[in-house]
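Chemist: Provide a 3D model corresponding to the input given below.
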Amino acid sequence: MKTLEELSIRKGEYGGGFSAIDFFDGAPRYIRITDIDADGKLNDEIKAPSGNSEEWEKYKLIEGDILFARSGATVGKSFLYEKSNIDCVFAGYLIRFRPNKEIALPKYVYYYTKTPSYFAWIKNKQNVVAQPNINAKQYGTELQIPLPPLPTQQKIAAILDEADKLRQLNKRLIAKYEALSQSLFLEMFGDPVSNPKGWEKVKGSKLYEVKGRVGWKGYKKTDLRDNGPLVLGATHINKGGYLTLSKPVFLSEEKYLESPEIMIEINDLIFVQRGNTIGKVGIVSYDIGEATINPVVLILRPHKTNSLFILNLLLNNQLKQRILELNSGSAQPMITQKSMNEYEFINPPIALQNLFAERIQAIEQQKAQAQQALAKSEDLFNSLLQRAFITPHT
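Modeler: From the prediction side, this is the model:
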């Protein structure tokens, strides 16, 4: 076992305290915590740092640098900097370590930060005062990494690279299917905001019935259970507009029965009316048993319209932005039930909506196969990861 600092030729350094501004020619890319996803990949939004080239120089990355998030909800998130055609600098809430490639392969060290042992260390070392925080010294002197000979590190990294390629391929395939759904929507119905096809427009109340958990219908933590009726919220909707129940929340049967009007039915749409994911929407496409909603979301129950049409209508980015403008102006932005009832949407003929739904279902079948393949590739990657780092971590 070696500490991270023992493996590094450049000890932990905090990033620059620049502001993120629009990218311009000659500027480096500014890497912030929010630019790094759960897989350690960068998103597509490219920002530049404020300041000038002399200020940036100290924070420029070279291939093999490893970044760690040091505070907040993302503490412990890691990123390995590899080849890029744009110079990159890193933000102040990230810490850089530069591994000594003669004794530690950067990719091997990076993969260790994806193991259960690493996340257990993160959890144990968080200094929870105002918010979780792990400083550069803790990363450098307390994080210990099992270190086999360099050829073994290279072999482990190569095996995990191949496994990671497979799961990333499946993720890209799923993303293509999701993009295809929106492309099909635009082909058949046009932009729902500018309405170039001239469809009839009607108030939301003509397309669906809105139901929510408000006032006395709320519940307390003491009403939650280890099993029982499900409670759906924003975290149970994926970005493709479908349910994900890997982290279920359960309510007491008594509290569930108290509000029959918000009991979930097949084809209900779950719409997030406030919070960080305001405007997010998902469909209940199969029988999930007894279920209700939490106070953050609304039920949109389609009537005389196709639920898959409504789902993809609300997934449209331009329309979503218009809906977000409906917030009530309170301290916390919120889309009210009244706003969702009164907003005017396009309303193509039901026969065309149903034809769209048939085509979407065919796409979803293909996507479901890709999702099964992704689940298998994730299991394979995690299994290989576990076997690669078998040395217990203290």
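Chemist: packing partners of the strand or helix carrying residue 380?
Modeler: Element membership for residue 380, per DSSP states H and E: helix 350-388. Judged by 3 or more CB pairs under 8 Å, 6 or more residues apart in numbering; DSSP states H and E, helix 350-388 is in contact with helix 150-189, helix 307-315. In this view, the C-beta of every residue, glycine as well, is placed from N, C-alpha and C.
Chemist: list the buried residues of stretch 204-217.
Modeler: By neighbour count on 16 or more other CB atoms under 10 Å, the buried set for stretch 204-217 is 204, 207-208, 210-213.
Chemist: what's the answer for stretch 252-262, then?
Modeler: Buried-residue list, stretch 252-262, by 16+ other CB under 10 Å: 255-256, 259, 262.
Chemist: closest one of these to residue 379?
Modeler: Of all these, residue 379 sits closest to residue 256, with 33.3 Å by CB to CB.
Chemist: what's the following helix or strand after the helix or strand harbouring the closest one?
Modeler: Using DSSP H and E, residue 256 maps to helix 253-257. Downstream of helix 253-257, the next assigned helix or strand under DSSP H and E is strand 269-272.
Chemist: now do that next one: everything it contacts.
Modeler: 208, 232, 234, 236-237, 243, 278-284, 293, 296-302, 307, 310-311, 314, 335, 340 (CB atoms under 8 Å, 6 or more residues apart in numbering).
Chemist: ok, that strand: who's next to it in the sheet?
Modeler: For strand 269-272, the paired strands and their directions (DSSP bridges) are strand 281-283 (antiparallel), strand 297-302 (antiparallel).
Chemist: out of those strands, nearest to residue 322?
Modeler: The minimum distance between residue 322 and these falls on strand 281-283, with 13.9 Å, by CB to CB.
Chemist: who does the next helix or strand after that closest one pair up with?
Modeler: On the C-terminal side of strand 281-283, the nearest following helix or strand under DSSP H and E is strand 291-293. Strand 291-293 sits in its sheet next to strand 224-232 (parallel), going by DSSP bridges.
Chemist: restricting to C-alpha, output stretch 169-186 in PDB.
Modeler: Extracted C-alpha coordinates of stretch 169-186, given in PDB (Å, rounded to 0.1, in the frame of the first residue of the first chain):
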ATOM      1  CA  LEU A 169     -20.700   1.900 -26.200                       C
ATOM      2  CA  ASN A 170     -24.000   0.700 -24.700                       C
ATOM      3  CA  LYS A 171     -24.500   4.100 -23.100                       C
ATOM      4  CA  ARG A 172     -24.000   5.900 -26.400                       C
ATOM      5  CA  LEU A 173     -26.400   3.500 -28.100                       C
ATOM      6  CA  ILE A 174     -29.100   4.300 -25.500                       C
ATOM      7  CA  ALA A 175     -28.500   8.000 -26.000                       C
ATOM      8  CA  LYS A 176     -29.000   7.600 -29.800                       C
ATOM      9  CA  TYR A 177     -32.300   5.900 -29.200                       C
ATOM     10  CA  GLU A 178     -33.400   8.800 -27.000                       C
ATOM     11  CA  ALA A 179     -32.300  11.300 -29.600                       C
ATOM     12  CA  LEU A 180     -34.200   9.300 -32.200                       C
ATOM     13  CA  SER A 181     -37.400   9.600 -30.200                       C
ATOM     14  CA  GLN A 182     -37.200  13.400 -30.200                       C
ATOM     15  CA  SER A 183     -36.200  13.500 -33.900                       C
ATOM     16  CA  LEU A 184     -39.300  11.400 -34.700                       C
ATOM     17  CA  PHE A 185     -41.400  13.800 -32.700                       C
ATOM     18  CA  LEU A 186     -40.100  16.800 -34.600                       C
END
